[in-house]
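Colleague: 3D, please:
(one chain, ligands or ions: 3)
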Amino acid sequence: MSENKFTQAAASSSASDVILEAKNLKKYFPIRQSALLAKNRKVLHAVDGVSFQLHRGKTLGLVGESGCGKSTTGRLLVGIEKPTEGEVLYQGKDLLQIKGEEFRKARLNLQMIFQDPYASLNPRKRVIDILSAPMLYHGLETKDTVNRRVDELLDLVGLPHSAKVRYPHEFSGGQRQRITIARALALKPEVIVCDEPVSALDASIQAQILNLLRSLQKDLGVAYLFIAHGLGAVHYISDEIAVMYLGKIVETGEASDVFHHPAHPYAQLLIRAVPSTNPDLRDAFHVPDGEVPSAIDLPRGCRFAARCPYATDRCRQEEPTLQPLEGRPGHMCACFYPITENTADNNPASDASKDSIPLNSGNEGLLSAMNSQKTVHPIKTTCAETDVAGKEGR
Ligand SMILES: Nc1ncnc2c1ncn2[C@@H]1O[C@H](COP(=O)(O)OP(=O)(O)O)[C@@H](O)[C@H]1O
Ligand code: SF4
Ligand SMILES: [Mg+2]
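Modeller: Numbers count the residues shown, from 1 in each chain. Ligands and ions are numbered 1, 2, ... in the order given. Model prediction:
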């Protein structure tokens, strides 16, 4: 089945719930070369034919190693980058085709938060200015009403109202990420692309931010594209998971299905890299380095073949496309030899429940942190050290 058919299959499940759709999305970056070589212009295939749907109030986790095209996909979705080919459909309309006021409204509904909250906050502005500027600019609030709305946003993300008069450098990493989440929420978006929002944070703070994002989704109905390079955090927060390798989606499906029964050899290796809560299995597996092909001179056939323990001659000649897996509705895999047996018994992560997966390698304290915070509700609860800047460490 082609990726286009994959989109159609997913669409039939609940077309009316689809808020954002990527259709055969491609982004190629030209490579600078000397004038002599200019005739044979090369391009880097950052995103190379990606299709998926994002459903209202749901989370799609996009996971893959660094450089596979996750952030570029996120930027294409919110309209920061223009695709080389393909479409981003917002409420069924191509973002590239809509103009003027309609485009402005669409962009308000598509927000993004980044890995490094400090870099994305203006160090010379106080929190009140950071949060109120977009609302005033877009006419969502007036000077008379904006203060009350800023208080509401701080309540939502669990920061005290006293944070308003402070500058970004006065906050810890986790608190700064709360400010960027509040800023994204200010425009009442329907979709937030979360680009590795917890990767730079300590395990216990990661848990707080993930729980905050989950609670906000429950209360506000916002949809997330949640980007991460490891499967732990993605599995915890996602309804569906898409695994990306060198610009393409190689596996996609319902989150626990992909996590507990990965069919693509690369997805299985990623899952084995999630540290197990079972000490006998912990550290027993690793993702082999292998040779990662260049996104400029792509190999013939399957892009994972150079690292795949199961590669055959066919794999080196033909490129596999996403195909539905028999007996697993909604689960698709781009591999000629998908792992179809029940892998739960030998999957080192299968001893852990959705609420008990450590997020980063080595973060063994996260399990207890995550479980102890499961019931935290950001509207009613402020983060523990909000009045003491810097205490909520990275
Ligand atoms: N503006 C750009 N110009 C040229 N190459 C880029 C640009 N942005 C990203 N890339 C390249 O595209 C590939 C995918 O990058 P990115 O989407 O940031 O990956 P990820 O987020 O998965 O780490 C990488 O090889 C990266 O170097
Ligand atoms: S198609 Fe072949 S090389 Fe590619 S992931 Fe599957 S078995 Fe490995
Ligand atoms: Mg990235």
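
Colleague: Low-confidence regions, this protein specifically.
Modeller: Along the chain, the model assigns pLDDT under 70 to residues 1-15, 33-39, 274-291, 341-394.

Colleague: tell me which parts of it are close to ligand 1?
Modeller: Phe29, Leu44, Ala46, Gly64, Ser66, Gly67, Cys68, Gly69, Lys70, Ser71, Thr72, Ala295 (CB under 6 Å from any ligand atom). Using the backbone N, CA and C atoms, a C-beta is placed for each residue, glycine as well.

Colleague: so of these, which ones are in helices?
Modeller: Counting by DSSP state H, the members of the residues of the chain next to ligand 1 that fall within helices are Lys70, Ser71, Thr72.

Colleague: check contacts around the first one.
Modeller: Spelled out, that is Lys70. For Lys70, the contact set (CB atoms under 8 Å, 6 or more residues apart in numbering) comprises Leu62, Val63, Gly64, Asp195, Glu196, Ile227, His229, Met244.

Colleague: The third one: how many residues sit nearby?
Modeller: Residues contacting Gly64 under the criterion other CB atoms under 10 Å number 27.

Colleague: Apart from its neighbours in sequence, what residue is nearest it?
Modeller: Using CB to CB, 6 or more residues apart in numbering and skipping the chain neighbours, the partner closest in space to Gly64 is Met244 (3.6 Å).

Colleague: before we move on, the earlier item: ranking by neighbours, what's the top pick from the contacts of Lys70?
Modeller: Result: Leu62 is most packed of these (other CB under 10 Å), 30 neighbours.

Colleague: Could you double-check that Asp195 lies in contact with Gln115?
Modeller: Yes. Counting by CB atoms under 8 Å, Asp195 does reach Gln115; the two are 6.0 Å apart.

Colleague: Need the overlap of contacts for these two.
Modeller: Overlap of the contact sets of Asp195 and Gln115 (by CB under 8 Å, 6+ apart) is empty.

Colleague: Tell me the helix or strand right after the helix or strand that contains Val193.
Modeller: Assigning secondary structure by DSSP states H and E places Val193 in strand 191-195. Remark: after strand 191-195, the chain's next helix or strand is helix 203-220, criterion DSSP H and E.

Colleague: Show me what that following helix is packed up against.
Modeller: Secondary-structure packing of helix 203-220 (3 or more CB pairs under 8 Å, 6 or more residues apart in numbering; DSSP states H and E): helix 173-186, strand 223-228, helix 231-237, helix 366-372.

Colleague: now, which of the residues of the chain next to ligand 1 sits nearest Arg148?
Modeller: Ranked by distance to Arg148 (CB to CB), those are led by Ser71 at 34.8 Å.

Colleague: Okay, and the beta partners of the nearest residue to the closest one once chain neighbours are set aside?
Modeller: Nearest non-adjacent residue to Ser71, counting by CB to CB, 6+ apart: Asp195, 5.4 Å away. Here Asp195 sits in beta bridges with Ile227, going by DSSP bridges.

Colleague: contacting residues for Asp195?
Modeller: By CB under 8 Å, 6+ apart, the residues touching Asp195 are Lys70, Ser71, Gly74, Met112, Ile113, Phe114, Gln115, Ile227.

Colleague: what ranges do the helices span in the stretch 251-394 of the chain?
Modeller: Here the stretch 251-394 of the chain has its helices, by DSSP state H, counting those that start in this stretch, at 255-260, 265-272, 313-317, 366-372.
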